[in-house]
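[1] return atomic coordinates for the entry below.
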Amino acid sequence: MVEQRQDFGDEFRLNKPRYDQSTYKGRLRHFMDIVDPRMLLVSDAKLKSSIQLLDDYKEGKLPANVSNSKLWEAQKIKQAIVHPDTGKKIFMPLRMSGYVPFGTITVVGLLLPNPTTAGVIFWQALNQTHNAGVNFANRNASTPVSNTDVAVSYVAATGTAGGVAVLLHNAVTSPWFKKFAKRDRRLAKMIPFIAVAAANQVNVLCMRSSELANGVDVHEENGRVVGQSRSCAQTAVVSTMLTRALLPAPILLLPPLILSSMERTALWRNFPAVRFPLHVGVCMSAFAIALPMTIALFPQTLKVETSYCEPEIQLATREEFLYYSRGM
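    Numbers count the residues shown, from 1 in each chain. Prediction:
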């Protein structure tokens, strides 16, 4: 029997979220922990001691003077570094805690002024490569995805991002478009967002096409799986696509607006050396703030009335509500 912690922190629950996932505030705090870049600085010794602390808790060997806060910190460290299915360390640039620091490089590149066609293609391809790496490194390894599906998704998303970006870039820089000069500048600043958002939709559809065809597992509150529902899969995929469409909006639309305002300041005009550092700082800040706020919009586990599911699922349970994973 696991001994209860004697402190006033949130009661520790092994492998469970610390905050209430039924509220936006709880999900926001949960994802702020997940993308916390400070986890990149955790030493191997600290990781090892955190894993040992959790193992001791699981086996009921933990001293009573270890606080709940200490256990939550240990679990945060382990989940930030170690894959839950394979038990292996995730490569640092592909960890969720590294998504903002390493992803900022591509965001800065995507928003560089006056890009060439080659530059547009390079930064869009690099962005999709990083996204694909993060998705693969943090995948659900208990439900394998074939290498073919991964390759098709990557090629389709990269092709979509590059194709849309180049098409719009060539359009707004063409002589034909010059009569729309005032719109030209605004549309040019929107190109990275439009291309990334389009690629995200293609990526989700490619990676999760099997779910749309076969359904997602639905389970009772106690975890018992009662079947696979295609109607729930459609809801899960649509909500994920909506999240993926909204995610790049503040990251790729706000910095150009902020930087345009800065261009009119004396600091920007008189000190050219500060322009690039300001560019990087604005992009990183927008990324860091928007990422947890956007992915927290929807719960990861969705609740559905059993009557909404297929007839065979309704016959397999007496529960009024069932649950399923939305995915990322």
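[2] what strand or helix carries the closest residue to residue 326 other than its chain neighbours?
    Nearest residue to residue 326, sequence neighbours excluded (CB to CB, 6 or more residues apart in numbering): residue 236, at 4.7 Å. Backbone N, C-alpha and C define where each C-beta goes, glycine included. Secondary structure from DSSP states H and E places residue 236 in helix 230-246.
[3] the closest residue to residue 209 other than its chain neighbours: neighbouring residues, count only.
    Leaving out its chain neighbours, the residue that sits closest to residue 209 by CB to CB, 6+ apart is residue 149, at 7.9 Å. Neighbour count of residue 149, defined by other CB atoms under 10 Å: 15.
[4] one more: residue 207?
    23.
[5] what sits against it?
    Residues in contact with residue 207, defined by CB atoms under 8 Å, 6 or more residues apart in numbering, are 135, 145, 149-150, 153.
[6] residue 189 too?
    Applying CB under 8 Å, 6+ apart to residue 189 gives the contacts 253, 256-257, 260.
[7] for residue 299, which three-state class applies?
    coil (DSSP: H, G, I helix; E, B strand; the rest coil).
[8] what about it, how many neighbours?
    Counted with other CB under 10 Å, residue 299 comes out at 17.
[9] excluding residues flanking it in the chain, which one is nearest it?
    Using CB to CB, 6+ apart and skipping the chain neighbours, the partner closest in space to residue 299 is residue 21 (5.5 Å).
[10] distance-wise, check that neighbour relative to residue 29.
    According to CB to CB, to the nearest Å, residue 21 stands 10 Å off from residue 29.
[11] cool, residue 203 as well?
    Here the criterion is CB to CB. By it, residue 203 lies 27 Å from residue 29.
[12] more neighbours: these two, which one.
    residue 203 (24 against 16).
[13] isn't residue 221 up against residue 324?
    No - Residue 221 is beyond contact range of residue 324, at 12.0 Å (criterion: CB atoms under 8 Å).
[14] figure out how far the worst-scoring helix or strand of the chain on mean pLDDT is from the centre of its chain.
    Ranked by mean pLDDT, DSSP states H and E, the weakest helix or strand in the chain is helix 181-207, scoring a mean of 78. Counting by CA atoms, centre = their mean, to the nearest Å, helix 181-207 is centred 18 Å from the centre of its parent chain.
[15] buried ones in that helix?
    For helix 181-207, burial by neighbour count (16 or more other CB atoms under 10 Å) applies to 184, 187-207.
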